[in-house]
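Student: Give me a model of this one.
(one chain, ligands or ions: 1)
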Amino acid sequence: MHHYTQGKPTRQGHKGIPEGCFEEEQGLKGFFGPVSHLIKSKPSTRWTDIDGPLRPHMYDLVKLDRAAGSQRLLHNNAVALHMSFIDVLEPQSATSIRNADGDLLYFCHKGNGEVFTEYGRLQYSPGQYVVVPRSLHHTFFPAEKSEFFVVENLQSHFEEPERGLVGRHAIYDPNALQKPELEAQHARLKELGIEIKEIAVKRLGETTRFSYDSCVYSDVVGWKGDLYPFTLHMDHMMPLMSHRAHLPPSAHTTFVARDFVVCTFLPRPLEKDDDALKVPFYHQNIDYDEVLFYHDGDFFSRDNLHAGMMSFHPQGFPHGPHPKAVKSVGGKTETSEYAVMVDSRWPLHVDAGVEQTELKQYWKSWQG
Ligand SMILES: [Fe+2]
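Tutor: Purely as a prediction, here's the structure:
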């Protein structure tokens, strides 16, 4: 289809919206595809009731049972989202896991520590992504109790986003990806006296245990290649922005995978032009489910929102700036939110274990 207009459109999306009017973006392919901007006399969230599963959901993951270890939250055939809680271990209690079901992306919400892999040691702290490709065994060794929002990639591998016009070093420099340290790990395992002789392998949700007669991290004396676990910290990311017009969430893409993307929202200045939208625009992300995990910062856009919460907006739910965000943006010149978004091409199913943490009245907060 070619670009076409009717009535009185704006010249530039998310900017110059006539006083008293509202812009709604209707787009395909998660902001990458065909898109139209409708200028409306009323916001697209002007429903008087929503009855059914397309209500927007909010879960308070702080209420999850930490003792459970791990809890799957949402899933489909391409991606599964979990919360994982890992306690400090005695060195002799450390175990090794290998996920044959898919790549794992651990986002550290709380805690810090080390991850041992055959490729070497990685270190993590709050705000850090730890990416472990499928079937590479690894051991978390926390220095303090740690909490992770985990994205399990079931059909593909995590890749860097196309940076196109802005060049290879935008968003994050490839050099910001922290690589495993092999020599440091050998010394550290010796210092800790760690001898792990079993690998628990998960495949199709079932566990198979492989036993060995010596430590599973002691064999590698060297390696080379472009497949290895790595980390990326939010502090080493450079969010894109335009001072003139609001950019779509896709500008904040951190990793791409088949049928979903992972985006990172970071503190940044708000748009400076007087006629620019400073809050997320009303939109129908027509063919994507949207999940947002709130990590840290001042979530000025909402009441009663705190770190450790997760929102889930199913496709088919038109939304935009939360009514409270419109009121509270006021004279603000910057946002200080830290959040991780997962946009899924296919509908996500809610796991029973997370339903108990749902804020049942959340959907009503959208009524303006
Ligand atoms: Fe959205």
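Student: what about the strands in the stretch 51-200 of the chain?
Tutor: For the stretch 51-200 of the chain, strands defined by DSSP state E, counting those that start in this stretch occupy the ranges 57-60, 70-75, 79-86, 96-99, 103-110, 113-117, 120-124, 128-132, 138-142, 146-153, 198-203.
Student: Tell me which other helices or strands the first one touches.
Tutor: By that I understand strand 57-60. strand 309-313 (3 or more Cβ pairs under 8 Å, 6 or more residues apart in numbering; DSSP states H and E). C-betas here are computed from N, CA, C, even on glycine.
Student: ok, back up a step: format the strands of the stretch 51-200 of the chain as CSV; extra columns: mean pLDDT and mean neighbour count.
Tutor: Converted to CSV, the strands of the stretch 51-200 of the chain look like this (pLDDT from 0 to 100; neighbours: other Cβ atoms under 10 Å):
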stretch, mean pLDDT, mean neighbour count
strand 57-60, 96, 22
strand 70-75, 97, 19
strand 79-86, 98, 22
strand 96-99, 98, 20
strand 103-110, 98, 23
strand 113-117, 98, 21
strand 120-124, 98, 22
strand 128-132, 98, 24
strand 138-142, 97, 21
strand 146-153, 98, 23
strand 198-203, 98, 15
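Student: Would you mind giving these as TSV with distance to P318 added?
Tutor: As requested, the strands of the stretch 51-200 of the chain are exported to TSV (distance: least, Cβ to Cβ, whole Å):
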stretch	distance to P318
strand 57-60	15
strand 70-75	20
strand 79-86	23
strand 96-99	36
strand 103-110	28
strand 113-117	41
strand 120-124	37
strand 128-132	30
strand 138-142	40
strand 146-153	26
strand 198-203	38
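Student: Just put those in JSON lines and tack on distance to the ion.
Tutor: Shown next, in JSON lines, are the strands of the stretch 51-200 of the chain (distance: least, Cβ to the ion, whole Å):
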{"stretch": "strand 57-60", "distance to the ion": "13"}
{"stretch": "strand 70-75", "distance to the ion": "16"}
{"stretch": "strand 79-86", "distance to the ion": "17"}
{"stretch": "strand 96-99", "distance to the ion": "29"}
{"stretch": "strand 103-110", "distance to the ion": "19"}
{"stretch": "strand 113-117", "distance to the ion": "32"}
{"stretch": "strand 120-124", "distance to the ion": "29"}
{"stretch": "strand 128-132", "distance to the ion": "22"}
{"stretch": "strand 138-142", "distance to the ion": "32"}
{"stretch": "strand 146-153", "distance to the ion": "18"}
{"stretch": "strand 198-203", "distance to the ion": "32"}
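Student: so which of those strands comes closest to Y217?
Tutor: Proximity to Y217 (Cβ to Cβ) singles out strand 113-117 among the strands of the stretch 51-200 of the chain, at 5.5 Å.
Student: Packing partners of the closest one?
Tutor: Partner elements for strand 113-117 (3+ Cβ pairs under 8 Å, 6+ apart): strand 120-124, strand 128-132, strand 138-142, helix 182-192.
Student: buried residues in the last one?
Tutor: Put plainly, it is helix 182-192. Using 16 or more other Cβ atoms under 10 Å as the burial criterion, the residues of helix 182-192 that qualify are 182, 185-186, 188-189.
Student: Give me the contacts around it.
Tutor: 91, 114, 116-117, 119-121, 141, 215, 217-218, 220, 222-223 (Cβ atoms under 8 Å, 6 or more residues apart in numbering).
Student: That helix vs strand 138-142, what angle?
Tutor: Interaxial angle of helix 182-192 relative to strand 138-142 (axes from the mean of the first three to the mean of the last three Cα atoms, to 10 degrees): 60 degrees.
Student: Per-residue confidence, the residue lying closest to V326 once chain neighbours are set aside, what does it come out as?
Tutor: Once flanking residues are discounted, V326 sits nearest to V279: 6.0 Å by Cβ to Cβ, 6 or more residues apart in numbering. With respect to pLDDT, V279 has a value of 84.
Student: where's V279, which helix or strand?
Tutor: V279 belongs to no helix or strand when elements are defined using DSSP states H and E.
Student: list the buried ones in the helix or strand of the chain with the lowest mean pLDDT?
Tutor: Within the chain, no helix or strand scores below helix 323-329, which has a mean of 74 by mean pLDDT, DSSP states H and E. For helix 323-329, the neighbour count (16+ other Cβ under 10 Å) marks 323-326, 329 as buried.
Student: my guess is H109 contacts H295, does it?
Tutor: Yes - H109 lies in contact with H295 (Cβ atoms under 8 Å); the separation is 5.8 Å.
Student: Name the residues contacting each of the two.
Tutor: 126, 149, 307.
Student: Give me the distance between G167 and F230.
Tutor: 21 Å (Cβ to Cβ, to the nearest Å).
Student: who has more neighbours, those two?
Tutor: Counted by other Cβ atoms under 10 Å, G167 and F230 do not tie: F230 has more neighbours, with 18 against 8.
Student: Name the nearest residue to the more buried one, ignoring sequence neighbours.
Tutor: Closest to F230 by Cβ to Cβ, 6+ apart is L177, at 4.7 Å.
Student: and that neighbour, what does it touch?
Tutor: Listed by Cβ under 8 Å, 6+ apart, the contact set of L177 reads 230-232.
Student: Which of the residues you listed fall within strands?
Tutor: 230-232 (DSSP state E).
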